[in-house]
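Novice: Sequence and predicted structure below; questions after.
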Amino acid sequence: MKLTNEECRAARLSRDHRFDGVFFVAVKTTGIFCRPICPATPPKEENVEYYSSAAKALIRGYRPCLRCRPDSAPHSWAWKGSETSFQRALTLIEQGALEGGSVEQLSERLGISSRYLRKLFDAHLGVSPKQLALLNQLMFAKQLLHSSTMSVQDIGYACGFNSIRRFNDAFMKTLKLNPSQVRRGNQAQPNGCSLRLAYRGAYDWQRLLDFYRLRAIKGIETVTADSYQRVVDIDGSSGWFKIYADKEHCQSVVVEFELQDVTKLKQLVTRIRRMFDLDSDVTMIESQLSAVDPMLIRYPGIRIPGVWSVWEAGVRAVLGQQVSVKLAISQLNLLVETLAGPRGESGVFPSPTRVASADLSFLRMPESRKQTLSRLAQHLVDHPEGEVESWLALKGIGPWTVNYVSLRGQSQANLFLDTDLIVKKYTKQTPGLTVQRVSPWGSYATLHCWSHF
C-alpha cells in the first residue's frame, strides 16, 4: 500500500490509528520523527517529510520522538514489499542473523548473491542489511528502556552489544539520546522481567485464550482465565513467558519472561508478536470482510491463534487429521509426555530429531499417520529451512495440512480453508464467500467462519 502525501497528511491530522506503523512523520524543524498518532501539536505541512519505515527516518538523521515512541508502534506489512527473498531476509535479521554473521553468510542461506540482497534492501528500504540490523537493535533497545523492567546493562546485552560502552556510543550516535535519559522513571526490577507490546484495533483476548485452552499441551502451556504461559526453547536456550492484557495501557499486552540467554529476547518478542498476531490491523480487515458478507463478523477482534513454531504446527496438524480437537490433543500430550526431551526433562517440545528417531508405536492412531509424522520429522531434520510447501511431496500430507501449518505456524494472512468442514458448512449458507472475494484476508475469514459454530 503506497500512500500519497495528501493521504499521509489527512491520516496524521486526524491521528488515525489505522495508519499507526504504516508510515512515520519526520519534522524538519525539530529533527524528530513521530508516529501519525503522536499527541503533539501537528506541524505545518511544509515542515514534514513522510517515511514508510522508522529505518528510513533514522538513516536520514531524524531521532525518535519521546512522546509517541516510534519504537513501540505495531509493525506494518505495508512497506515490506512482496519479494520472498526480501521477506526471509527481514525475518532472519530480526532473529539476529547479522549480529554474529556477515551479509555473505545471510545471502548464502537465502540462496542469492550478496549483491542482489543489497539491491533488494536499497529498493525496498533505502538502507543496507547491516544498517537495518543495527537500527533494529537500537530501536528494540529503546523500546525496552521505555517498557521493560530490565537494567540498562542487560538491555544492551539483550540487543547484541557485548559491552555497555559500545551500546551507549551506538545509541548516542544514531538516536542522539543517552540510554539513561530514555530510561527516566522506569526503574529496573531485580526479580523478574516484563515488557509491554502494542497492537492495533480490537482484540478478542478471551476468545483467543479459550482457543488455546482447548489445545494446551500439558507441561508446556498453561492457560488461565486471563493469561497464557509456556516454556520455550530458542536455539537450545530455555526460558518461559507469560502474556496477558495490559489493564493500565489500552491496546497493549504485558509479557513477563525469563531467559537462560538474554540475547534471545529479540527472537522471543518477534515470535510472540507473530504468535499472538499483534501486528494486524483488524479494524481494516473486518471492514473489508464485512463488505463481502455483512453477517461474517460475529465477534470483532478475532486474531490468528499462532503456534510457537512451524514444526509444532505440523505435528498438531498431522495428529489432528480427521479427528476431533479433544482426540488430537490427547495424542499430542501423549507424544510430549513420552518424548519429553533428550534427558527426559519436562516442558520441552520434542524436536524433529527426537521424533524421527523414536518408535511411535505408543501413539493410539492409524499406522499410516504415525509414518506420516515420522516422514515429516525426518524431512525437517534433512531440510531445517525448507519451505512448508515442500511438505506436499511427503506421503500423507495434503493441501489442508500445509495450509493449516501456514496459517497457525507462520500466521499467513491469506489462507481461506475452503475445504475445511466447518468453512464449507458456513459457505454453503453464504455462496458469495469465495477465496477471491476474501483475499487478501482469507485467514481471518476462516477464523470468523469457525466462530459461527
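Specialist: Great, that's in hand.
Novice: which residues touch stretch 19-34?
Specialist: The contact list for stretch 19-34 (Cβ atoms under 8 Å, 6 or more residues apart in numbering) reads 1, 3, 8, 11-12, 35-38, 40, 43, 47-54, 56-58, 60-65, 67-68, 70, 73-76, 78-79, 176, 200, 279. For every residue, glycine as well, the C-beta is placed using N, CA and C.
Novice: isn't residue 167 right next to residue 161, touching?
Specialist: Yes: contact criterion Cβ atoms under 8 Å: residue 167 and residue 161 qualify, at 3.8 Å.
Novice: so how far is the helix or strand hosting residue 267 off the chain centroid?
Specialist: For residue 267, the element it lies in under DSSP states H and E is helix 265-275. Remark: helix 265-275 is offset 6 Å from the chain centroid, using Cα atoms, centre = their mean, to the nearest Å.
Novice: Which strands or helices does that helix pack on?
Specialist: helix 84-94, helix 129-147, strand 193-198, strand 227-234, strand 237-245, strand 252-259 (3 or more Cβ pairs under 8 Å, 6 or more residues apart in numbering; DSSP states H and E).
Novice: right, and the helix or strand after it?
Specialist: Once the chain leaves helix 265-275, the following helix or strand, as judged by DSSP H and E, is helix 282-292.
Novice: Can you dump the C-alpha atoms of that next one in CSV for me?
Specialist: Extracted in CSV, the C-alpha atoms of helix 282-292 (Å, rounded to 0.1, in the frame of the first residue of the first chain):
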residue,chain,number,x,y,z
VAL,A,282,-8.2,-5.9,12.4
THR,A,283,-10.4,-2.8,12.1
MET,A,284,-9.4,-2.5,8.5
ILE,A,285,-9.5,-6.3,7.9
GLU,A,286,-13.0,-6.7,9.4
SER,A,287,-14.3,-3.7,7.4
GLN,A,288,-13.2,-5.3,4.2
LEU,A,289,-14.7,-8.7,5.1
SER,A,290,-18.0,-7.2,6.2
ALA,A,291,-18.3,-5.7,2.8
VAL,A,292,-18.2,-9.2,1.3
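Novice: Give me the helices and strands touching it, please.
Specialist: Helix 282-292 packs on helix 435-438, helix 442-450, going by 3+ Cβ pairs under 8 Å, 6+ apart.
Novice: Would you single out the least confident of those?
Specialist: Among the helices and strands packed on helix 282-292, helix 435-438 has the lowest mean pLDDT, at a mean of 92.
Novice: Touching, residue 414 and residue 440? I think so.
Specialist: Yes: Residue 414 is within contact range of residue 440, at 4.5 Å (criterion: Cβ under 8 Å).
Novice: Quick check on those two: which one has the bigger neighbour count.
Specialist: In this view residue 414 and residue 440 are compared by other Cβ atoms under 10 Å, and residue 414 has more residues nearby, 15 against 12.
Novice: what sits against that one?
Specialist: 439-443.
Novice: So which of those is surrounded by the most neighbours?
Specialist: That'd be residue 443 among the contacts of residue 414, by other Cβ under 10 Å, with 25 neighbours.
Novice: Identify the residues contacting that one.
Specialist: 304, 407, 411-416.
Novice: tell me the two of those that are most distant?
Specialist: 411 and 416 (14.8 Å; Cβ to Cβ).
Novice: and stretch 400-414, which residues are buried?
Specialist: Neighbour-count burial for stretch 400-414 flags 401-413 (criterion: 16 or more other Cβ atoms under 10 Å).
Novice: quick one, helices of the stretch 351-453 of the chain?
Specialist: For the stretch 351-453 of the chain, the helices defined by DSSP state H, counting those that start in this stretch cover 352-356, 367-382, 399-410, 421-429, 435-438, 442-450.
Novice: now the longest one: how far from the chain's centre is it?
Specialist: Think helix 367-382. Its chain's average C-alpha position is 27 Å from that of helix 367-382, according to Cα atoms, centre = their mean.
Novice: and it, what other elements does it pack with?
Specialist: helix 310-319, helix 352-356.
Novice: Of all the ones you listed, which one comes closest to residue 240?
Specialist: Comparison of those against residue 240 by Cβ to Cβ identifies helix 310-319 as nearest, at 15.6 Å.
Novice: Contacts for stretch 349-369, please.
Specialist: Under Cβ under 8 Å, 6+ apart, the answer for stretch 349-369 is 217, 220, 233, 308-309, 311-312, 315, 318-319, 321, 323, 331, 334-336, 338-342, 370, 373-374, 376-378, 380-381, 384, 396.
Novice: Out of those residues, which end up buried?
Specialist: 217, 220, 233, 308-309, 311-312, 315, 318-319, 321, 331, 334-336, 339-341, 370, 373-374, 376-378, 380, 396.
Novice: which one of the buried residues of stretch 400-414 is nearest residue 257?
Specialist: Nearest member of these to residue 257, counting by Cβ to Cβ, is residue 411, at 20.1 Å.
Novice: Quick check, the closest one in contact with residue 306.
Specialist: Yes: between residue 411 and residue 306 a contact is recorded at 4.9 Å, counting by Cβ under 8 Å.
Novice: Give me the common contacts of these two.
Specialist: Taking Cβ under 8 Å, 6+ apart as the contact rule, residue 411 and residue 306 both touch 274-275, 277.
Novice: follow-up on the earlier one: any chance of a markdown table for the buried residues of stretch 400-414, columns distance to residue 17 and pLDDT?
Specialist: Output for the buried residues of stretch 400-414, formatted as a markdown table (distance: Cβ to Cβ, whole Å; pLDDT from 0 to 100):
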| residue | distance to residue 17 | pLDDT |
| --- | --- | --- |
| 401 | 37 | 92 |
| 402 | 34 | 94 |
| 403 | 31 | 92 |
| 404 | 31 | 92 |
| 405 | 32 | 95 |
| 406 | 28 | 94 |
| 407 | 26 | 94 |
| 408 | 27 | 95 |
| 409 | 29 | 95 |
| 410 | 26 | 92 |
| 411 | 21 | 92 |
| 412 | 24 | 90 |
| 413 | 19 | 89 |
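Novice: Of those residues, just say which sits nearest to residue 253.
Specialist: Among the buried residues of stretch 400-414, and counting by Cβ to Cβ, the member closest to residue 253 is residue 411, at 15.9 Å.
Novice: Residue 300: which element?
Specialist: Per DSSP H and E: nothing holds residue 300, as it lies in no helix or strand.
Novice: Wait, it touches residue 202, no?
Specialist: Yes: contact criterion Cβ under 8 Å: residue 300 and residue 202 qualify, at 4.8 Å.
Novice: overlap in contacts of the two?
Specialist: Common neighbours of residue 300 and residue 202 (Cβ under 8 Å, 6+ apart) are 282, 286.
Novice: Is it possible to get the helices and strands packed on helix 367-382 out as CSV so that each row also shows distance to residue 208?
Specialist: What follows is those, written out as CSV (distance: least, Cβ to Cβ, whole Å):
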stretch, distance to residue 208
helix 310-319, 16
helix 352-356, 27
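Novice: sorry, back to before: show me which of the helices and strands packed on helix 282-292 has the highest average neighbour count.
Specialist: helix 442-450 (a mean of 24; mean count of other Cβ atoms under 10 Å).
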